[in-house]
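In: Okay, sequence plus prediction incoming.
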Amino acid sequence: MKITTLIIFIIISVSSVIAQWQPEVRLTNNNNESHTSSNNAWCVASSGSVVHVVWYDYRDGNSEIYYKRSLDAGVSWSADTRLTNDPASSWNPSVTVSGSVVHVVWQDDRNGNTEIYYKRSIDEGGNWEADTRLTNNASSSVSPSVTVSGPAVHVVWFDNRDGNEEIYYKRSLDFGGSWGTDIRMTNNSAISRNPSVTASGSAAHVVWEDNREGNWEIYYKGSIDEGVNWDPDTRLTNNTANSWYPSVSSSGSDVHIVWSDDRDGNLEIYYKGSINKGVNWDADTRLTNNSAASRTPSVTVSGQAVHVVWDDRRGGASGEIYYKRSTDAGVSWIADTQLTVNFASQNPSVSVSGTAVYVVWKDYRDGNWEIYSKQNPTGNPVGIINISSEIPNEFSLGQNYPNPFNPATKIKFALHNKSFVNLVIYDRLGREVEKLVNEQLNAGSYEADWNASNFPSGVYFYKLTTGDFSKTNKMQLIK
């Protein structure tokens, strides 16, 4: 009887976890191809309940950059917005967001050769400014990746102006209003390509694939002063096989990297982490283990929660989207979760905001490539702990500490009885930027963490709401 009960409990528990992923949503619908980026750049970004998606699309006779947003955490979506309009090709977009400012980069051959372009919106994607050309040379600049931390926007790409492909970097310190000069990041006679960039506070991190050793390896470079100075190249992989398509994400001092590696005879997804801003690195962790190819991973991090997606051929298909998560900063991982079942899903990107996880990819189930999305509204465990089960005399919301803070702070609250709790962060204009708690909790005292690495300095408000209580406090982020 006990064994039967245990089996039923396990089945219910597993079903509950899987059920948290919502049905897929088709974001595009036209007779031509729509593609997420092939260079492993992020095509989805989120802030608060606003989700931003970019892709390139052939509906106009040539490839153009398109954009779509959701204002209600992926429940409903706006119409497609065409971001580029010229007779040449624009492709491989990457998107990032900080508060209400959305940043998009892509490669574009309107100038007779391929250059990197940039565009921004300062009102959550409602309106867009004119295109800004970021590179200007006679060679090709391709495969851009963009990230933001406060007012600092960081862009990387690879460029063959030097006679071979090298990694280049550019930054803006005023939310994309103006840009510095190009900085050459690599300098060797081999090929360096497919970079990925992340930033947290004043630290920026870049990874790429490089064949200076005769085979493809993953390399890393870090800066602790918003891209002014960079450390020497660090070789992260060391085997006789090939390591490709790295993706990097950071939170505070933690840096997380994933890539695709064929050291096992077929392509598998590998992971590596650093807890001190890239100074030292853990050993490689193999995340997948099957006889088929696992490719093009994408990673994002929120506090201690690390989220990875990739496309996988283990079913004999042209690709399915798989997902894996760690809630202890990469120390341990859940089993693989298959997100699609349709035999042609590729090039996924992942983003998190509050408790929600968003995944976007390209999909061939409709007879041509279309953009699809999927979300798990409770897939990102926020940093909330029960610090006491003793029943308080009343509901309360304490002042965050430290305050002012950079980049993380703690918020204590108490519940007099079992309640459905909302703890939400707002900016000074009253816009929701993060939902820390959205669940039923037992009576007791709690502490929630908020990591504001990806938000600009300024005054923020946090509001606790239950059925019987509501209170708002002010806090200040100083970077």
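Out: Structure received.
In: what stretches of the stretch 101-250 of the chain score poorly on pLDDT?
Out: Scanning the stretch 101-250 of the chain for pLDDT under 70 picks out no residues.
In: can you pull out the strands in the stretch 51-200 of the chain?
Out: Under the criterion DSSP state E, counting those that start in this stretch, the stretch 51-200 of the chain contains strands at 64-70, 81-82, 90-98, 101-108, 115-121, 132-133, 141-149, 152-159, 166-172, 183-184, 192-200.
In: Would you map the strands across the stretch 351-479 of the chain?
Out: Secondary structure of the stretch 351-479 of the chain (DSSP E, counting those that start in this stretch): strands at 356-363, 370-376, 384-388, 396-397, 408-415, 419-427, 432-441, 444-451, 458-465, 470-477.
In: counting contacts, what elements does the second one pack onto?
Out: Strand 370-376 sits against strand 25-26, strand 50-57, strand 356-363, with contacts defined as 3 or more Cβ pairs under 8 Å, 6 or more residues apart in numbering; DSSP states H and E. In this view, the C-beta of every residue, glycine as well, is placed from N, C-alpha and C.
In: what does the shortest one give?
Out: When contacts are defined as 3+ Cβ pairs under 8 Å, 6+ apart, strand 396-397 packs onto strand 408-415, strand 470-477.
In: in the first one, what counts as buried?
Out: By neighbour count on 16 or more other Cβ atoms under 10 Å, the buried set for strand 408-415 is 408-411, 413-415.
In: Also the last one?
Out: In terms of neighbour count (16+ other Cβ under 10 Å), strand 470-477 has its buried residues at 473, 475, 477.
In: what's the most buried one of the strands of the stretch 351-479 of the chain?
Out: Ranked by mean neighbour count, the strands of the stretch 351-479 of the chain are led by strand 356-363 with a mean of 27 (mean count of other Cβ atoms under 10 Å).
In: Now do that one: distance to the chain's middle.
Out: 11 Å (Cα atoms, centre = their mean, to the nearest Å).
In: quick check: mean pLDDT across that strand?
Out: Confidence for strand 356-363, expressed as mean pLDDT, is 96.
In: tilt between it and strand 64-70?
Out: Strand 356-363 and strand 64-70 are oriented at 150 degrees to each other (axes from the mean of the first three to the mean of the last three Cα atoms, to 10 degrees).
In: what packs against strand 356-363?
Out: Secondary-structure packing of strand 356-363 (3+ Cβ pairs under 8 Å, 6+ apart): strand 44-47, strand 50-57, strand 305-312, strand 320-326, strand 345-353, strand 370-376.
In: Let's see that with 7 Å instead.
Out: strand 44-47, strand 320-326, strand 345-353, strand 370-376 (3 or more Cβ pairs under 7 Å, 6 or more residues apart in numbering; DSSP states H and E).
In: Give the other helices and strands that whatever helix or strand residue 247 lives in contacts.
Out: For residue 247, the element it lies in under DSSP states H and E is strand 243-251. Applying 3+ Cβ pairs under 7 Å, 6+ apart, one finds that strand 243-251 contacts strand 192-200, strand 203-210, strand 217-223, strand 254-261, strand 294-302.
In: ok, residues contacting it?
Out: By Cβ atoms under 7 Å, 6 or more residues apart in numbering, the surrounding residues in contact with strand 243-251 are 40, 194, 196, 198-200, 203, 205, 207-209, 216-218, 237, 255-261, 296-303, 451, 453.
In: ok, back up a step: who wins for proximity to residue 119 among the helices and strands packed on strand 243-251?
Out: For these, the distance to residue 119 is smallest for strand 192-200, at 17.5 Å, taking Cβ to Cβ.
In: can you pull the pLDDT of residue 353?
Out: Confidence score, pLDDT, at residue 353: 87.
In: show me what contacts it?
Out: When contacts are counted by Cβ under 7 Å, 6+ apart, residue 353 touches 46-48, 434.
In: about what we covered before: same list (the helices and strands packed on strand 243-251) but as JSON lines, adding distance to residue 232.
Out: Putting these into JSON lines (distance: least, Cβ to Cβ, whole Å) gives the following:
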{"stretch": "strand 192-200", "distance to residue 232": "14"}
{"stretch": "strand 203-210", "distance to residue 232": "12"}
{"stretch": "strand 217-223", "distance to residue 232": "8"}
{"stretch": "strand 254-261", "distance to residue 232": "16"}
{"stretch": "strand 294-302", "distance to residue 232": "24"}
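In: could you dump those strands to TSV with mean neighbour count and distance to residue 160?
Out: Supplementary listing: the helices and strands packed on strand 243-251 in TSV, determined by neighbours: other Cβ atoms under 10 Å; distance: least, Cβ to Cβ, whole Å:
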stretch	mean neighbour count	distance to residue 160
strand 192-200	26	10
strand 203-210	27	14
strand 217-223	23	18
strand 254-261	27	22
strand 294-302	26	22
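In: Out of those, which gets nearest to residue 145?
Out: In terms of Cβ to Cβ, the element of these nearest to residue 145 is strand 192-200, at 4.9 Å.
In: Quickly run through the sheet partners of that closest one, with directions.
Out: Partners of strand 192-200 in the sheet, by DSSP bridges, are strand 203-210 (antiparallel).
In: Tell me what angle the strand it pairs with forms with strand 141-149.
Out: On the basis of the same axes, to 10 degrees, strand 203-210 is oriented at 160 degrees to strand 141-149.
In: Strand 203-210: how far from the chain's middle?
Out: 15 Å.
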